[in-house]
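S.K.: got a predicted structure here, sequence first:
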Amino acid sequence: MTATAPITQDVLTIPRKLAEGLPNLVGMTRDEMRDALVAIGTPEKQAKMRVNQIWQWIYHWGVRDFASMTNLAKDYRALLAESFVIELPEMVTRQVSADGTRKYLVRIAGGHEVEIVYIPEEDRGTLCVSSQVGCTLTCSFCHTGTQKLVRNLTAGEIIGQVMLARDDLGEWPEQGAPKNEQRLLSNIVLMGMGEPLYNFENVRNAMKIAMDPEGISLSRRRITLSTSGVVPEIARTAEEIGCQLAVSFHATTDEIRDKLVPVNKKWNIATLMQALKEYPKASNSERITFEYVMLKDVNDSDEDARRLVKLIKGVPAKINLIPFNEWPGAPYQRSDWERIEAFADIIYKAGYASPIRTPRGEDIMAACGQLKSATERERKSKRQIEAEAGLGH
Ligand code: SAH
Ligand code: SF4
């Protein structure tokens, strides 16, 4: 599907003078910030209060320079400016799809690039955040999976994506955003590039910042982490983040899941289901989202739908059907629309919500699984992709 409406794109070059080597306050936990302030001579007794003040400036007001932190003494502001930076990833391009979806390409330290997608809807605005540059996993239908892992993002680079999007949406009080309006960026999904549970600490710390009531203050119910099924970290996600969980399920037999989501060879469906059953109680969350990509003649039969219903029995669940989004060289096709609807119907009749995810931003390659920074050189060959998908010759 190619949209005919015009796409707008502008290239931004925001000059950023980086004070070489100074630690970035963005991404520090409260404890880390406290220690950092003490290390520059802030009296221990004052440190907690200073953290509160600086935290509010950065994460509530959206302030980026120490000089504007008017409730701090001038000398102290100067000391902060000599000792730290408040730094976000650099926005390289910003594209707006015909349907309003925005895709940002941002550059992080080392010259790497990641993509962020903002999806406006009637009742919410969702930001799809990346957790890694590339991915070590090699799901055969995923564009990101064809890019080798370059590195984990830092907590600052993860929360920085949220902050950049808020900059672009003009949503900080500092930018004059009206109070008590419905928030433009109301939800976060960790569904961009990378496997968030292979970058656990940074993802956790960044989400803690997003949830902190003195700052961005998003409820944990508005944050959804999507994993391909890194079982040992699922219980930890419940305990240490407590957000909503989505799982890239995609198949109903180990044989097919091994091919689609190779991490299944390590933690198979039965092992994954065990961890998922415990998640809602452990995290006090309502239900788990099962993501299921619809691949023509691969995982989309009525039998698959029935097996899926059986497998998830006893787990509070919603099944999100994702029509496969094509990318150049992809070894799969999207299931026909009637097939997707028939599949959805079986699940719905079994008592589960089974929304079909409308592909958003396809004209700017912003849809699920299409993200991949074009500038990353190290790619796998088509043959490698096919071999990993079990389609090799
Ligand atoms: N690594 C995590 C999160 C990122 S992927 C995970 O795998 O869950 C976000 C979602 O998009 C996952 O459910 C993923 O399986 C799905 N996806 C990947 N490639 C896709 C494609 N080409 N079409 C549709 N969905 C895709
Ligand atoms: Fe990585 Fe998720 Fe893509 Fe699999 S679907 S390759 S885990 S980003």
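M.R.: Now that the structure is in, tell me what you want to look at. Residues are numbered from 1 along each chain as shown. Ligands and ions are numbered 1, 2, ... in the order given.

S.K.: buried residues in stretch 152-169?
M.R.: 152-169 (16 or more other C-beta atoms under 10 Å). C-beta: built from backbone N, CA, C; applies to glycine.

S.K.: contacts only, for residue 36.
M.R.: 23, 25, 28, 83, 84 (C-beta atoms under 8 Å, 6 or more residues apart in numbering).

S.K.: swap in 7 Å and give it another go.
M.R.: With contact set as C-beta atoms under 7 Å, 6 or more residues apart in numbering, residue 36 has these partners: 23, 28.

S.K.: hang on, the earlier thing: so which of the buried residues of stretch 152-169 are in strands?
M.R.: Taking DSSP state E, the ones among these that sit in strands are residue 152.

S.K.: next, work out how far apart the residue nearest the centre of the chain and ligand 2 are.
M.R.: The chain has residue 190 as the residue nearest its centroid, 2.2 Å off, counting by C-alpha atoms, centre = their mean. As judged by C-beta to the nearest ligand atom, to the nearest Å, residue 190 and ligand 2 stand 10 Å apart.

S.K.: who's in contact with that residue?
M.R.: Contacts of residue 190 (C-beta under 7 Å, 6+ apart): 129, 131, 196, 203, 224, 225, 226.

S.K.: who does it form a beta bridge with?
M.R.: Beta-bridge partners for residue 190, by DSSP bridges, are residue 225.

S.K.: excluding its backbone neighbours, what's nearest residue 217?
M.R.: Of all residues not flanking residue 217 in the chain, residue 211 sits nearest, at 7.2 Å (C-beta to C-beta, 6 or more residues apart in numbering).

S.K.: so the one you found touches residue 218, yeah?
M.R.: Yes. Applying C-beta atoms under 7 Å, one finds residue 211 in contact with residue 218, separated by 5.9 Å.

S.K.: ok, so what distance separates the residue nearest to residue 217 from ligand 1?
M.R.: Distance, residue 211 to ligand 1, by C-beta to the nearest ligand atom: 19 Å.

S.K.: among the contacts of residue 190, name the buried ones.
M.R.: 129, 131, 196, 203, 224, 225, 226.

S.K.: contacts only, for the last one.
M.R.: So that's residue 226. Applying C-beta under 7 Å, 6+ apart, the residues near residue 226 are 189, 190, 191, 246, 248, 291.

S.K.: same question for the fourth one.
M.R.: With C-beta under 7 Å, 6+ apart as the criterion, the residues that contact residue 203 are 131, 158, 190, 196.

S.K.: just say helix, strand or coil for it.
M.R.: Here residue 203 is helix, with the state taken from DSSP: H, G, I helix; E, B strand; the rest coil.

S.K.: sorry, back to before: which among the contacts of residue 203 gets closest to residue 175?
M.R.: Of all the contacts of residue 203, residue 175 sits closest to residue 158, with 21.7 Å by C-beta to C-beta.

S.K.: spit out the contact partners of the closest one.
M.R.: 129, 131, 202, 203, 206.

S.K.: around ligand 2, which positions in the protein sit nearby?
M.R.: 135, 137, 138, 139, 142, 144, 145, 194, 195, 228, 248 (C-beta under 6 Å from any ligand atom).

S.K.: from those residues, keep the buried residues only.
M.R.: By 16+ other C-beta under 10 Å, those give 135, 137, 138, 139, 142, 144, 145, 194, 195, 228, 248 as buried.

S.K.: phi, psi for the third one please.
M.R.: Listed backbone geometry of residue 138 is phi -130, psi 50, with angles given as degrees, to the nearest 10.

S.K.: I'd say it and residue 264 touch.
M.R.: No. Here residue 138 does not reach residue 264: they are 11.6 Å apart, not a contact under C-beta under 7 Å.

S.K.: thinking again about what came up before, which of the buried ones among the contacts of residue 190 lies closest to residue 321?
M.R.: Nearest to residue 321 among the buried ones among the contacts of residue 190, with distances taken as C-beta to C-beta, is residue 226, at 14.6 Å.

S.K.: residue 258: which element?
M.R.: Take DSSP states H and E as the rule and residue 258 turns out to sit in helix 254-260.

S.K.: quick one: residues in contact with that helix.
M.R.: 139-141, 250-251, 264-265, 268-269, 298-299, 389-390.

S.K.: give me that answer again for 10 Å
M.R.: Identification of contacts with helix 254-260 by C-beta atoms under 10 Å, 6 or more residues apart in numbering yields 139-142, 228-229, 248-251, 263-266, 268-270, 272, 293, 295, 298-299, 304, 332, 388-391.

S.K.: so, in contact with ligand 1 or not, that helix?
M.R.: No. Residues of helix 254-260 are not located near ligand 1 by C-beta under 6 Å from any ligand atom, the shortest gap being 8.4 Å.

S.K.: can you name the element that comes right after that helix?
M.R.: Next helix or strand after helix 254-260 toward the C-terminus (DSSP H and E): helix 269-283.

S.K.: can I get that following helix as PDB, trimmed to CA atoms?
M.R.: Provided in PDB are the C-alpha atoms of helix 269-283 (Å, rounded to 0.1, in the frame of the first residue of the first chain):
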ATOM      1  CA  ILE A 269       6.200 -21.800  23.900                       C
ATOM      2  CA  ALA A 270       5.500 -23.800  27.000                       C
ATOM      3  CA  THR A 271       8.300 -22.000  28.900                       C
ATOM      4  CA  LEU A 272       7.100 -18.700  27.700                       C
ATOM      5  CA  MET A 273       3.500 -19.400  28.600                       C
ATOM      6  CA  GLN A 274       4.500 -20.200  32.100                       C
ATOM      7  CA  ALA A 275       6.200 -16.900  32.600                       C
ATOM      8  CA  LEU A 276       3.300 -15.000  31.000                       C
ATOM      9  CA  LYS A 277       0.800 -16.700  33.300                       C
ATOM     10  CA  GLU A 278       2.500 -15.200  36.300                       C
ATOM     11  CA  TYR A 279       3.000 -11.800  34.900                       C
ATOM     12  CA  PRO A 280      -0.400 -10.100  35.500                       C
ATOM     13  CA  LYS A 281      -0.400 -10.900  39.200                       C
ATOM     14  CA  ALA A 282       3.200 -10.100  39.700                       C
ATOM     15  CA  SER A 283       2.900  -6.700  38.000                       C
END
